[in-house]
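Peer 1: I'll drop the sequence and a predicted model, then ask my questions.
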Amino acid sequence: MSRLAGVLALTALAACGGTADLAEKPEPLGNFRLGHNIVVAKNATKLPLSRPASAEELKSTLTGAIQDRMGRYEGEKLYHLGVNIDGFLLAVPGVPVVASPKSALIISVNVWDDAKGAKTTERSHQITVLEQISGETIVGSGLTQSREVQLKNLTENAARAIEKYLRANPQWFEGPAPVAAGAAAAATAGTAPGTASASTAAKSAVSAN
């Protein structure tokens, strides 16, 4: 608990948001195409002054946000995302300005190259996202939003932060595609051979975090 609270206080915070751009076709990210979208929330720590949220709520909401954002890419090479939810804070109502906490979500991200059957980096990349500042959240979202809305906003911000992280590492998504586009599409749906071992390894690695 104290370690996560320290991370929340000291980690560089990503507080961007919005989903209006999802209606647009994204700029290509090399050969990136989303394969398996794996989110694990069973060990998520509920930080002090947080509303409750079940592991299933955390998992399903973040999985959907990642799929909506990263599923838009149409490259010819599969990459799996393994995301562990480390901690969360869904702000409770408080006295505006004086004691009104901000909602936050802490995640650790791994990217798996399906063709290589290995992670792009040995260490997970940890990201902390805050709720987007708006007229509703400036006085504390605990006063103006339900926990469901808070979680939706946080996971949308987390998906955007993941996208930004991948774009900061374009070298991972270079090189020739090992499979035809049609096979890549089938593999994304979980029907093509050759993805099972990487997916299993990714799930095991994320679950172990």
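Peer 2: Yep, that arrived.
Peer 1: so where's this protein uncertain?
Peer 2: The chain contains residues with pLDDT under 70 at 1-18, 94-100, 132-144, 176-209.
Peer 1: parallel or antiparallel, list what pairs with the strand ranked longest in it.
Peer 2: Across the chain, the longest stretch assigned as strand under DSSP state E is strand 77-89. Applying DSSP bridges to the sheet, strand 77-89 is found paired with strand 32-40 (parallel), strand 45-46 (parallel), strand 104-113 (antiparallel).
Peer 1: can you put those strands in a markdown table and add distance to residue 166?
Peer 2: The C-beta positions use only the backbone N, C-alpha and C, and glycine is treated the same way. Putting the strands paired with strand 77-89 into a markdown table (distance: least, Cβ to Cβ, whole Å) gives the following:
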| stretch | distance to residue 166 |
| --- | --- |
| strand 32-40 | 7 |
| strand 45-46 | 25 |
| strand 104-113 | 7 |
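Peer 1: so which of the ones you listed is nearest residue 66?
Peer 2: strand 32-40 (5.3 Å; Cβ to Cβ).
Peer 1: hmm, back to that, could you export the longest strand of the chain as PDB, CA atoms only?
Peer 2: The C-alpha trace of strand 77-89 is given here as PDB (Å, rounded to 0.1, in the frame of the first residue of the first chain):
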ATOM      1  CA  LYS A  77       2.500  -7.800 -37.600                       C
ATOM      2  CA  LEU A  78       0.900  -9.000 -34.300                       C
ATOM      3  CA  TYR A  79       1.800  -7.500 -30.900                       C
ATOM      4  CA  HIS A  80       0.200  -8.600 -27.700                       C
ATOM      5  CA  LEU A  81      -0.400  -6.100 -24.800                       C
ATOM      6  CA  GLY A  82      -0.200  -7.400 -21.300                       C
ATOM      7  CA  VAL A  83      -1.400  -4.800 -18.700                       C
ATOM      8  CA  ASN A  84      -1.400  -5.300 -14.900                       C
ATOM      9  CA  ILE A  85      -3.600  -2.900 -12.900                       C
ATOM     10  CA  ASP A  86      -1.400  -2.100  -9.900                       C
ATOM     11  CA  GLY A  87      -3.600   0.400  -8.000                       C
ATOM     12  CA  PHE A  88      -6.600   2.700  -8.300                       C
ATOM     13  CA  LEU A  89      -8.200   5.600  -6.700                       C
END
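Peer 1: distance of residue 21 from residue 168?
Peer 2: Distance of residue 21 to residue 168, computed by Cβ to Cβ, to the nearest Å: 17 Å.
Peer 1: between those two, which has more neighbouring residues?
Peer 2: More neighbours surround residue 21 than the other of residue 21 and residue 168, with 12 against 9 (other Cβ atoms under 10 Å).
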